[in-house]
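A.B. asks: Here is my input, please return the structure:
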Amino acid sequence: MSAAATRVASAAEAARRLARPVRSTFQPGRVAPRDGRASPEDVRPPLVVLVHGLESHSGTFDAVASYVAAMPPPTPSLLAVDLRGHGLTPVGPEPEFLPANLAADVAACAATHAPGERVVLVGHSMGGRVAVRLAADYPELVSHLIVEDMDATLMCADHARAFFGADADDRPDAPKPAPELERARAFDPAGDSAESLAANLSAVAPNIFTAERVAGYVARGRVYEVRGGADSVRGGADSDARSFGRSLIHPLGFALACRRVLASRDGVAAFSSLARLARKVDLEHESDPSPPHVPAVHLWRAPEGDREAGGGITADRGSPGGRAVGSIDWIEETFGRRVDSPDADDARVDVRVATFEGAGHSVHNTRLEAFAEALVEVAVRGVGVVGKV
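C.D. replies: Numbers count the residues shown, from 1 in each chain. Below is the predicted model:
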């Protein structure tokens, strides 16, 4: 086994020691035919791992999967995961809901589908923070890191305070938790109907889960009706023909993600760790035939817009937030190298920034074709877009 393969295997094993199982959806890719014949079965397409954001789940990438499936080969395999406390993955123990553990969950799941291989890792919004932490903790597992419309600035502090208070201890045994936190812990994602679940969700924190917000969950299928008994929705054996409700939005997962991921400095720490690794490899392993691996970093963003209206949430250069710690400019300066032209020397690239013109915060849905095609270019050919797309 080569040195690189040994490091990949070691990183995967380290992730498995921290990981919990997560729900995932896999779509196999296709290799290009050779001389009119199908390629050998032992040639595996590269794997792209897709990590959703806050208030979301793996299904947010369904349109991307459909688009890639319709493209001619070669195409990558796609693995979309539900993070803890999102979609069909339970929250798990609250003290373990940390960026490092969320990252380990994704890394272990990816290693199961692509043993011994590096993957292209995509993180949208809050999932971008998890993806950066994964790349920082297990760089040998990631060939390319794509962070979709997210930086490392502090976010969602107001939502975190609503559940945990301004200075509250967020330990599960903390005295007198906020009523919103108690209701979030008591919320059952399986109910008598989608309508009743929507009402229960609003009741957890009415100032956050407003009627308009919850109606959006219903419209996008994140609170929905399912056939079968209520116990089957919870994983039990009951399976009668009645309809019951299911929520892919977990208020406790939302609260913990706000507190532990978005309103924390972990994103800054993770980006800084990757930058230190890149510098160390440059300085100490210049003549090493098999140096430690540093993932290529791609920042795919929407133009800065109204966050409440679904606009891009990262600051444009020159805007008031453009120089803040954790901003796109800060990330580029931390790495010390920026790529503004597709003609740049690939061997010296650490950060590639691309702005998808006309996109909203969910670039993968508002600029679907451009996003999917750029993703395949990275996965299959290792070529990343830069500048305006």
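
A.B. asks: isn't residue 44 right up against residue 117?
C.D. replies: Yes - Residue 44 lies in contact with residue 117 (CB atoms under 8 Å); the separation is 7.4 Å. Using the backbone N, CA and C atoms, a C-beta is placed for each residue, glycine as well.

A.B. asks: Contacts for the lengthiest helix in the chain, please.
C.D. replies: The longest helix of the chain (DSSP state H) is helix 266-284. With contacts defined as CB atoms under 8 Å, 6 or more residues apart in numbering, helix 266-284 is touched by 99, 129, 132-133, 135-137, 139, 145, 150-153, 260-261, 291-292, 294-295, 297, 325-326, 331, 334-336, 350.

A.B. asks: So which of these belong to helices?
C.D. replies: Filtering the contacts of helix 266-284 for helices - DSSP H - leaves 99, 129, 132-133, 135-137, 331, 334-335.

A.B. asks: I'd like to know which of those residues is nearest to residue 52.
C.D. replies: Residue 52 has its nearest neighbour among the ones in helices among the contacts of helix 266-284 in residue 129, at 11.9 Å by CB to CB.

A.B. asks: can you pull the contacts of the closest one?
C.D. replies: By CB under 8 Å, 6+ apart, the neighbours of residue 129 are 99, 123, 150, 152, 261-262, 266-267, 270.

A.B. asks: Of those residues, keep whichever come out buried.
C.D. replies: 99, 123, 150, 152, 261-262, 266-267, 270 (16 or more other CB atoms under 10 Å).

A.B. asks: so can I have TSV of those showing distance to residue 254 and pLDDT?
C.D. replies: Output for the buried ones among the contacts of residue 129, formatted as TSV (distance: CB to CB, whole Å; pLDDT from 0 to 100):
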residue	distance to residue 254	pLDDT
99	15	98
123	17	98
150	17	97
152	20	95
261	11	97
262	10	97
266	17	97
267	18	97
270	21	96
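
A.B. asks: got any ranges where the stretch 101-250 of the chain has weak pLDDT?
C.D. replies: Along the stretch 101-250 of the chain, segments meeting pLDDT under 70 span 166-177, 228-242.

A.B. asks: would you list every one of the strands in it?
C.D. replies: Ranges of strands in the stretch 101-250 of the chain, per DSSP state E, counting those that start in this stretch, are 119-124, 142-148, 190-191, 223-227, 243-247.

A.B. asks: Can you tell me which of those is most buried?
C.D. replies: Most buried of the strands of the stretch 101-250 of the chain by mean neighbour count (mean count of other CB atoms under 10 Å) is strand 119-124; its value is a mean of 28.
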